[in-house]
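1. Sequence plus predicted model, see below.
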Amino acid sequence: MQSSVAELADLSQEPASVHEAYGTEPGKVSFANNCLLARRLAERGVRFIQLYMRGWDQHGNLPGEIRLQAQAVDQPQAALLADLKRRGMLDETLVLWGGEFGRTVYSQGELSTTNYGRDHHPRCFTLWMAGGGVAPGITYGRTDEYGYTVIENPLEVHDLHATLLYLLGLDHERLVFRHQGRDFRLTDVFGRVVPELLA
């Protein structure tokens, strides 16, 4: 691994067109560089890759921060999907973008026309998936008009996990172990595969 990582992480080997598509700058730390590195890892057979966008937590200064963060992620993640598709890898590569909670629709902290924030909101939030057996171009679930609570097709975390495991070729109900007199599995005692999410 030590002998191959240097070549793997050398983004300067990529053509200028790839850097333009991702918005990468070799030698500079960025989410864009991480997206390109993720494609290079996937090409070499790395099975699980996690990218992390630091600071995605606007309790204050939301208008300015979300604009900068969206600029930092939109182009490279779109380029990653296009790159995977062009290389024939997207059908077998599952991409998931999400977090562990949403944001409140009401303000938190100081409120002015140019500065406000939003708190954590566990009732409903959005994530997206692409490739790897996921049905393309659909929206599953819907919130009320305020974005406060789910009113159609709620997707519990256990259902998401069961569906992700299915897409990875694993039956979440077969991976069971007994501990202290209770059966445990990766989705606890809950979870169902959601067929509407499958291609």
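-> Received, thanks.

2. helices or strands up against the helix or strand containing Ala82?
-> Element membership of Ala82 [criterion: DSSP states H and E] is helix 62-86. Judged by 3 or more C-beta pairs under 8 Å, 6 or more residues apart in numbering; DSSP states H and E, helix 62-86 is in contact with helix 16-22, helix 31-43, strand 95-97. All C-beta atoms are positioned from the backbone trio N, CA, C, and that covers glycine.

3. From the chain's centroid, how far away is that helix?
-> 11 Å (C-alpha atoms, centre = their mean, to the nearest Å).

4. How about stretch 104-113?
-> On the basis of C-alpha atoms, centre = their mean, stretch 104-113 sits 26 Å off its chain's mean C-alpha point.

5. what's the span of that stretch, first residue to last?
-> 17 Å (C-alpha to C-alpha, to the nearest Å).

6. what's the answer for stretch 129-136, then?
-> Counting by C-alpha to C-alpha, the terminal residues of stretch 129-136 are separated by 9 Å.

7. For that stretch, could you pull out the residues that count as buried?
-> Neighbour-count burial for stretch 129-136 flags Met129, Ala130, Gly131, Gly132, Gly133, Val134 (criterion: 16 or more other C-beta atoms under 10 Å).

8. just to revisit the earlier point, what's the closest of the helices and strands packed on helix 62-86 to Ser3?
-> Ranking the helices and strands packed on helix 62-86 by proximity to Ser3 (C-beta to C-beta) places helix 31-43 first, at 15.8 Å.

9. Give the buried residues for that closest one.
-> Neighbour counts over helix 31-43 (16+ other C-beta under 10 Å) mark Phe31, Ala32, Asn33, Asn34, Cys35, Leu36, Leu37, Ala38, Arg39, Arg40, Leu41, Ala42 as buried.

10. Packing partners of it?
-> Against helix 31-43 (3+ C-beta pairs under 8 Å, 6+ apart) you get helix 2-8, helix 16-22, helix 62-86.

11. Adding distance to Gly109, mean pLDDT and mean neighbour count, write those helices out as TSV.
-> Formatted as TSV, the helices and strands packed on helix 31-43 follow (distance: least, C-beta to C-beta, whole Å; pLDDT from 0 to 100; neighbours: other C-beta atoms under 10 Å):
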stretch	distance to Gly109	mean pLDDT	mean neighbour count
helix 2-8	42	81	9
helix 16-22	34	97	15
helix 62-86	9	95	16
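
12. Can I get the ones you listed in a markdown table including distance to Thr114?
-> Formatted as a markdown table, these follow (distance: least, C-beta to C-beta, whole Å):
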| stretch | distance to Thr114 |
| --- | --- |
| helix 2-8 | 43 |
| helix 16-22 | 31 |
| helix 62-86 | 6 |
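
13. Cool, thanks, signing off.
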